[in-house]
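Novice: the following block contains a protein sequence and its predicted model.
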Amino acid sequence: DTAVSQTPKYLVTQMGNDKSIKCEQNLGHDTMYWYKQDSKKFLKIMFSYNNKELIINETVPNRFSPKSPDKAHLNLHINSLELGDSAVYFCASSQGTGGDEQYFGPGTRLTVT
Amino acid sequence: RKEVEQDPGPFNVPEGATVAFNCTYSNSASQSFFWYRQDCRKEPKLLMSVYSSGNEDGRFTAQLNRASQYISLLIRDSKLSDSATYLCVVMGGGTSYGKLTFGQGTILTVHP
């Protein structure tokens, strides 16, 4: 069984479209995250939720809106996609909010044309 | 200064070699430290946590120097399967508690 899963794995879309990426974890963890890894391979945190509550919200355009319907799911909706949004988006989860190991999903490779 | 800085490499070493990676961090209030490994086009995975007393896991040894804000990873007897990008990761303290900041990674290629 996959611990942290994301769908879709690949997403190619045009500028201006709205798209969503879904993430699910079956580890029973309380905390989930979204990261963006750009073309230079820097991995940066975007959001973190603990038990459905937003706890980390980095400086991300408000076109990005995370939603956590329950603690096992954290989805990411992106409005009005721009070329600069092209990246790999990783979902992750951890037991707590401290220095617990984070388990990453396989990533969603988003290409905006 | 970047929050977490690593030598990006690449490091190309033969099998059996010993290789060391260094990392510095800027926030003295940082709480926890890790090395993650990322294979090409895959997700990052935890390699090991880093403690002030130093810790070892098989061929891998991690060291932390809080005074110098410096973290290291030593890989002995390199294997072909060690080829990957090694990410230095720092967890913030205070208002950044729980937030992981990743270095840009050091690329390692082990060749026969």
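Specialist: It's in.
Novice: shouldn't B:Ser43 be in contact with A:Thr108?
Specialist: Wrong residue type there; residue B:43 is Glu, not Ser. No: using C-beta atoms under 8 Å, B:Glu43 is not in contact with A:Thr108; the gap is 10.8 Å. Every C-beta, even on glycine, is put in place using the N, C-alpha and C of the backbone.
Novice: show me the common contact partners of the two, please.
Specialist: A:Phe90 (C-beta atoms under 8 Å, 6 or more residues apart in numbering or on different chains).
Novice: spit out the contact partners of A:Glu58.
Specialist: A:44-47 are the contacts of A:Glu58 under C-beta under 8 Å, 6+ apart.
Novice: quick check: the residue nearest the centre of chain A vs chain B, distance?
Specialist: Taking C-alpha atoms, centre = their mean, the centroid of chain A lies closest to A:Trp34, which sits 3.1 Å from it. Counting by C-beta to the nearest C-beta, to the nearest Å, the separation of A:Trp34 from chain B is 12 Å.
Novice: tell me the contacts of that residue?
Specialist: A:Trp34 neighbours (C-beta under 8 Å, 6+ apart): A:23, A:45-48, A:66, A:74, A:76, A:89-92.
Novice: closest to chain B among the contacts of A:Glu58?
Specialist: Nearest to chain B out of these is A:Ile45 (C-beta to the nearest C-beta; 5.9 Å).
Novice: and the closest one, what are its bridge partners?
Specialist: Beta-bridge pairing of A:Ile45 under DSSP bridges involves A:Tyr35.
Novice: about what we covered before: most neighbours among the contacts of A:Trp34, please name it.
Specialist: A:Leu74 (29 neighbours; other C-beta atoms under 10 Å in any protein chain shown).
Novice: which helix or strand contains it?
Specialist: A:Leu74 is part of strand A:73-78, with elements assigned from DSSP states H and E.
Novice: who does that strand touch, helix- and strand-wise?
Specialist: With contacts taken as 3 or more C-beta pairs under 8 Å, 6 or more residues apart in numbering or on different chains; DSSP states H and E, strand A:73-78 sits against strand A:19-25, strand A:31-37, strand A:43-50, strand A:64-70, strand A:87-94.
Novice: so what touches it?
Specialist: By C-beta under 8 Å, 6+ apart, the list of residues contacting strand A:73-78 from outside reads A:18-25, A:32-34, A:46-47, A:49, A:63-69, A:85, A:89, A:91.
Novice: mind listing what's buried in stretch A:45-61?
Specialist: A:45-50, A:56, A:60 (16 or more other C-beta atoms under 10 Å in any protein chain shown).
Novice: let me see the contact set for residue 109.
Specialist: With no chain named, the answer covers chain A. Neighbours of A:Arg109 in contact, by C-beta under 8 Å, 6+ apart: A:9-11, A:88.
Novice: should've been chain B
Specialist: For B:Thr109, the contacting residues are B:10-13, B:83, by C-beta under 8 Å, 6+ apart.
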